[in-house]
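1. how would this look folded up:
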Amino acid sequence: MGLFSRLFERRNLSLVDNKQWREMRVGTPTTAGVKVTAVNALNYSAVYAAVRVLAESIASLPLFVYERLGDEGKRRAPEFYLYRLLHDAPNPIQTSFEFRELMQTHLLLWGNAYAEIAYDANGRATALWPLMSRNMESITRTQDDIEYHYRLPSGELKTLKGWQVLHLRGLGLNGLFGLSPIALARNAIGLGQAAEKFGATFFGNGAQMAGVLKHPMELSEPAVKSLREQWEELYSGLDKAHRIAVLEEGMEYERIGIPPDDAQFLETRKYQTTEIARIYRVPPHMIGDLDRATFSNIEHQSLEFVMHSLRPWLVRWEMTIAERLMTGAEREQYFAEFLVDGLLRGDITSRYAAYATGRQNGWLSANDIRRLENMNPVEGGDIYLVPLNMIPVDQVAPPMPTDEPRSVYDNASTDEEESEARATRSAAGRYRLQRTSLGLFRDTAARILRREANDVGNAANKHLAQRGASDFSDWLDTFYEDHAIFTARQWVPVLRTYAGLVANEVEQETGEQIDEERYTNFMVSYAEMLGKRQSDRSRARLDSILEEFEENALVEIEATMQEWREQRPSGVANEESVRSGNAFAVAIYTMVGVTRLRWVSIGKSCPYCTRLHGKVVAIAQAFIEAGESFADDAPNGALVPSRNIGHAPAHRGCDCQVVSG
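-> This is a model prediction of the structure:
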């Protein structure tokens, strides 16, 4: 066997240096003369404070299991079997807080934390039972796995396979086990404990340094012993401090040792506290050292605590959970993550300024902000706002095409020409509004359809797959009654803004003021109609799938839901921005007494819209009647609408406008 082969030979190897492992478990004397172990290190207040602040902080953070939704982000997955195990209770006798606090404490003291994983008959984890880190005798690597050799309280040695142990590792040298921070920093901890013990002894002796009694004569051993006992009985201890000593027979008292101020006793104790904070990367103020803490920097230190102290531990937890508790397929769909948003919040002024930026630029809703502030959501709070004056350059509308140069209209000499010029400018302005508002319509449609697709998809897996089409159909009845209302509420803020912009254009065209209350009522009614129309379309599509595909309906529904998430929002935005803009314009024309409407096609129109361009009808009349065959000689055949076409769009993709005739 060559050198290369020997280097990569897989053998039964202990992963732990026996000497180091023993020192981590039982401790060794330090240079300061104090024996430090992982357990007695907690007697040192600085270590206890550092361990406690890290363990309690990690244990108190919410730990959720999320499902990946591709481009749509993520959602909490309470139905996943690991959710309750990690979020609520990992075993029958511990809460999630208690379990994580204990495991993190072991991790901070021994550099490793272990929990035995209990499985059900399907191979799913059902419980996590913590193991005492100091009782882990050794770890060995086998041909295909790792074995943990654990000493039970009875003294029996139990062997556990790698898949049976949730093993959290701290910083290490071989990537297979963590090093104990206590063992690595035992001299720093020992010095701190020695200084603490020195101070306790000093005050225990009445705050007096050690000394000698000088006698001019030679004393016998019994006399020396008797004198020492009498002196200690009279003057040793805090309750006997400051007594006046009477020296007889020419005796003298001489103090020996270094005074505490010369030994820099207080400075040593403070420095060792800073040393412990450095070892655990904890801001000193969090373990009681406020020497360098100020009002201007303590908030930033707290944020750094989350980013640089907690985050590495949280990532260890999250990755270990994924590796040891989930299968490969589950890891592709689910992941565990701590929620740290609450700890990263700044002062109220900074938070509110950040919220205002997010709200005004459209990536935070009112309810998003309320959730960050631990407040309940409010009705209508899921709406996202987008500035209408900020759009992609490719959405800027082209100039309004006309049959004659614009100068003809600008220099109109008759009232009829001026009226036509105003109508043409109105159509151009409304077309630009429709194009600039597309993003807002698309975002709203995407939010509605994302929620609809998620709910319908989950219900299909639950009702259709397990209980049949009839049960799923009953669920759809109830869902779409509520969803129509939800959809209308989502559209109201968008339509309110859009209706106001359309009203400005139409008022300039007609020169008339509108009845705002009546116009608002129409806008709300239109939103309700829009919610019902979209819900009816969705329900009809699902009914056709159930009827057509039967046994394969679930697969087809899942594909349809994906289409609704990815493709349908753009179609809805294109159609509704045109339909609602024209509906609002016609409503205003009706209110101000306009009697005729004229169809105006935009840019390079299709054959149907080209034929409609310039057509004038009475305001109560349809441009094309339901069932009427229109443009029979068009390349794609005649247009035969199923409803009366009173305004654009006449078909999918139509972006025409109607103006006063």
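
2. Which of the three states applies to Glu528?
-> Under the three-state scheme (DSSP: H, G, I helix; E, B strand; the rest coil), Glu528 adopts helix.

3. which element is the residue nearest to it when sequence neighbours are not counted on?
-> The shortest distance from Glu528 to any non-neighbouring residue, by CB to CB, 6 or more residues apart in numbering, is to Ala488 (4.7 Å). In short, each C-beta sits where N, CA and C put it, glycine included. Per DSSP states H and E: Ala488 is located in helix 469-510.

4. quick one on the thing from earlier: ok, now how distant is the residue nearest to Glu528 from Thr497?
-> As judged by CB to CB, to the nearest Å, Ala488 and Thr497 stand 16 Å apart.

5. These two - which one has more neighbours?
-> Ala488 (22 against 15; other CB atoms under 10 Å).

6. Okay, that one and Ile448: tell me how far apart.
-> Distance of Ala488 to Ile448, given as CB to CB: 10 Å.

7. how about the strands in the stretch 1-150 of the chain?
-> 13-14, 28-29, 35-36, 63-68, 74-76, 112-119, 125-131, 136-141, 146-151 (DSSP state E, counting those that start in this stretch).

8. Any chance of CSV for these, columns distance to Thr560?
-> Shown next, in CSV, are the strands of the stretch 1-150 of the chain (distance: least, CB to CB, whole Å):
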stretch, distance to Thr560
strand 13-14, 55
strand 28-29, 67
strand 35-36, 65
strand 63-68, 19
strand 74-76, 19
strand 112-119, 37
strand 125-131, 34
strand 136-141, 50
strand 146-151, 46
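
9. between the ones you listed, which has the poorest average model confidence?
-> Of all the strands of the stretch 1-150 of the chain, strand 13-14 carries the lowest average pLDDT, namely a mean of 40.

10. Among the strands of the stretch 1-150 of the chain, which comes closest to Arg435?
-> Ranking the strands of the stretch 1-150 of the chain by proximity to Arg435 (CB to CB) places strand 74-76 first, at 32.7 Å.

11. Show me the contact partners of that closest one.
-> Contacting residues not belonging to strand 74-76 are listed as Phe64, Val65, Tyr66, Glu67, Arg68, Leu69, Tyr83, Asn454 [CB atoms under 8 Å, 6 or more residues apart in numbering].

12. List only buried entries from the residues you listed.
-> With burial judged by 16 or more other CB atoms under 10 Å, the buried subset of these is Phe64, Val65, Tyr66, Tyr83, Asn454.

13. Name the nearest residue to Glu379, sequence neighbours excluded.
-> Glu379's closest residue in space is Arg489 (CB to CB, 6+ apart), at 7.3 Å.

14. Can you give me the neighbour number for that neighbour?
-> 17.

15. Tell me if I'm right that it and Gly380 touch.
-> Yes - between Arg489 and Gly380 there is a contact under CB atoms under 8 Å: 5.8 Å.

16. which neighbours do these two share?
-> Common neighbours of Arg489 and Gly380 (CB under 8 Å, 6+ apart) do not exist.

17. all helices of the stretch 551-661 of the chain, in order?
-> With helices called from DSSP state H, counting those that start in this stretch, the stretch 551-661 of the chain shows them at 553-566, 568-592, 607-612.

18. now those helices in TSV, with distance to Ala322, mean neighbour count and mean pLDDT?
-> Below are the helices of the stretch 551-661 of the chain laid out as TSV (distance: least, CB to CB, whole Å; neighbours: other CB atoms under 10 Å; pLDDT from 0 to 100):
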stretch	distance to Ala322	mean neighbour count	mean pLDDT
helix 553-566	25	17	89
helix 568-592	32	21	92
helix 607-612	55	19	85
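
19. Serialize these to CSV and add fields for distance to Met132.
-> As requested, the helices of the stretch 551-661 of the chain are exported to CSV (distance: least, CB to CB, whole Å):
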stretch, distance to Met132
helix 553-566, 47
helix 568-592, 55
helix 607-612, 79
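
20. The closest residue to Met136 other than its chain neighbours: neighbour count?
-> Counting by CB to CB, 6+ apart, the nearest residue to Met136 once its immediate chain neighbours are dropped is Tyr150, at 5.6 Å. Counted by other CB under 10 Å, the residues lying close to Tyr150 total 20.

21. what residues are up against Tyr150?
-> Tyr150 touches Tyr114, Leu131, Asn135, Met136, Glu137, Leu157, Lys158, Thr159, Leu160, counting by CB under 8 Å, 6+ apart.

22. Against Asn112, how distant is it?
-> Tyr150 sits 12 Å away from Asn112, going by CB to CB.

23. what is in contact with these two at once?
-> Contact criterion CB under 8 Å, 6+ apart; residues shared by Tyr150 and Asn112: Met136.

24. related to what we said a few turns ago, identify the residues contacting the residue nearest to Glu528.
-> Contacts for Ala488 (CB under 8 Å, 6+ apart) come out as Ala527, Glu528, Leu530, Gly531, Lys532.

25. Tell me the spacing between the first one and Gln534.
-> Which is Ala527. 11 Å.

26. Okay, and the beta partners of the closest residue to Glu147 other than its chain neighbours?
-> Spatial nearest neighbour of Glu147, excluding adjacent residues (CB to CB, 6+ apart): Thr140 at 4.9 Å. With DSSP bridges as the criterion, Thr140 is bridged to Ser14, Glu147.

27. Count the residues that sit near Thr140.
-> So Thr140, with other CB under 10 Å, has 15 neighbours.

28. My guess is it contacts Thr159. True?
-> No - between Thr140 and Thr159 there is no contact under CB under 8 Å: 9.0 Å.

29. overlap in contacts of those two?
-> Taking CB under 8 Å, 6+ apart as the contact rule, Thr140 and Thr159 both touch Glu147, His149.

30. how about Leu546, what does it touch?
-> By CB under 8 Å, 6+ apart, the contact set of Leu546 is Ala469, Phe472, Ser473, Ala553.

31. So which bits of the helix or strand encompassing it are buried?
-> According to DSSP H and E, Leu546 maps onto helix 516-549. In terms of neighbour count (16+ other CB under 10 Å), helix 516-549 has its buried residues at 519, 522-523, 526-528, 530-532, 534-535, 538-539, 542, 545-546.

32. Greatest separation within those residues: which pair is it?
-> Using CB to CB, the pair of these lying farthest apart is Tyr519 and Leu546, separated by 40.9 Å.

33. which residue packs closest to Leu433, ignoring adjacent ones?
-> Per CB to CB, 6+ apart, closest to Leu433 is Leu501, 5.2 Å.

34. burial count for the one you found?
-> For Leu501, using other CB under 10 Å, the count is 19.
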